[in-house]
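Chemist: curious how this folds, go ahead:
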Amino acid sequence: MSSIQAQTITYKGEPCIELRAGDYLAMIAPGIGSNVIRLRNEAHDIEFFRYHEETTIEEIKQSPEVYGLPTLYLPNRLDGGRLKTSDALYHLNVNEADLGNFIHGFLHKRQHTVVSLTTTDDTAVAVTEYVYDDKDDYFRYLPISFRAEFTFTLSQNGLSYAFTMTNLSNVQMPYGVCTHTTMMGPFTSDGKGEDMRLYVPIGEKWQLNDRCLPTGIFMPLDNHDRQYLTGSMVPVKQVINNDVYYAEMGDMDGKPFYGIVATDIASGKEIRYEVSRDYKFWVIWNDWGEKGYFCPEPMTWMIDAPNLPLAPEDTGYAELAPGESKTVTQHFYAVIPE
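Modeler: Below is the predicted model of the structure:
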């Protein structure tokens with residue numbers, strides 16, 4: 001087993017955190033929203049997230065949603081930037097001009113602070129944070145201060161990630177989070193896109209309108225959708241443009257499994273990606289299918305949740321009271337055939 005390490009490095013001019021444990025290497029960029037810009041199983045040539053040696057830091061900063069593991073607060077879209085809470089109405093900027101929506105927020109673009117780097121006999125741990133307050137330019141749109149804390153734990157069992165938000169204000173804080181998880185396809189250096197398969201335990205499908213907002217209509221699953229349930233979906237080499245579903249409990253190896261599995265059928269290697277039950281929805285998207293990556297995005301709330309005329313138990317809409325915290329978790333690991 002390789003040595004356990006947690007250290008700061010400079011990667012292409014960008015201060016980063018490097019974690020090493022067992023077969024795994026993780027690289028986190030605090031200056032790009034604590035994005036995990038690389039996760040690799042070195043012993044088995046598995047590159048979890050979109051990563052190419054020639055990609056520059058500037059390219060990642062330009063489009064941080066489509067590299068690594070970016071964490072989004074107020075994820076996906078809000079119609080016209082409208083954000084209604086139980087005690088206020090906020091008007092956020094419309095940054096998706098062609099569709100007239102607010103999209104993806106700001107947390108994943110901020111410079112975060114390294115809180116600690118520690119190791120144990122079998123783990124390497126990095127903690128980063130961002131405190132959002134009136135010093136942030138965005139505060140004029142959303143004057144609700146909060147702390148976002150990111151804990152990354154690397155071990156022989158892969159990468160575990162805990163994300164905690166705390167409401168530091170004296171008003172209700174809308175709570176919706178997501179990771180725009182950008183996975184490599186293929187994920188081995190000699191793999192082929194057509195050998196990729198994706199398993200996602202899904203429930204009902206949400207219909208979206210031409211502005212990528214929910215209509216409130218649920219669609220019966222068709223042959224395309226059922227490929228996720230059978231693990232036969234090819235997540236690249238074809239267009240997957242915002243397939244949106246309720247997340248359901250699945251089954252792997254005879255045990256309950258809440259997440260997704262990407263498989264290279266040629267080698268039998270798997271990436272397993274588990275999330276906590278707070279993530280109630282999956283959005284699957286692959287940027288037109290020919291760019292060598294796909295995004296299984298777990299979300300705690302539905303697109304435009306604050307504005308939908310549906311019950312919170314249907315939309316996932318939630319709030320944090322003053323002083324309240326909430327933590328969600330994710331876990332990435334490889335499974336190698338014997």
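Chemist: going forward, measure contacts between C-alpha atoms and count neighbours the same way
Modeler: OK.
Chemist: for the strand or helix carrying Pro298, name the packing helices and strands.
Modeler: Using DSSP states H and E, Pro298 maps to strand 293-299. Strand 293-299 is packed against strand 177-179, strand 183-184, strand 281-285, with contacts defined by 3 or more Cα pairs under 8 Å, 6 or more residues apart in numbering; DSSP states H and E.
Chemist: mean pLDDT and distance to Glu313 for these - can I get that in JSON lines?
Modeler: Converted to JSON lines, the helices and strands packed on strand 293-299 look like this (pLDDT from 0 to 100; distance: least, Cα to Cα, whole Å):
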{"stretch": "strand 177-179", "mean pLDDT": "98", "distance to Glu313": "16"}
{"stretch": "strand 183-184", "mean pLDDT": "98", "distance to Glu313": "29"}
{"stretch": "strand 281-285", "mean pLDDT": "98", "distance to Glu313": "12"}
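Chemist: can you put those strands in TSV and add mean neighbour count and distance to Tyr333?
Modeler: Below are the helices and strands packed on strand 293-299 laid out as TSV (neighbours: other Cα atoms under 10 Å; distance: least, Cα to Cα, whole Å):
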stretch	mean neighbour count	distance to Tyr333
strand 177-179	24	17
strand 183-184	26	13
strand 281-285	24	19
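Chemist: and of these, who's closest to Tyr317?
Modeler: strand 177-179 (10.4 Å; Cα to Cα).
Chemist: remind me what that closest one packs against, helices and strands.
Modeler: strand 71-73, strand 293-299.
Chemist: go through the ones you listed and pick out the most buried.
Modeler: Among the helices and strands packed on strand 177-179, strand 293-299 has the highest mean neighbour count (mean count of other Cα atoms under 10 Å), at a mean of 26.
Chemist: and stretch 104-113, average pLDDT?
Modeler: Across stretch 104-113, the average pLDDT comes to 97.
Chemist: what residues of it count as buried?
Modeler: Neighbour-count burial for stretch 104-113, with 16 or more other Cα atoms under 10 Å as criterion, is recorded at 104-105, 107-110, 112-113.
Chemist: span of that stretch from start to end?
Modeler: In stretch 104-113, first residue to last residue: 21 Å (Cα to Cα, to the nearest Å).
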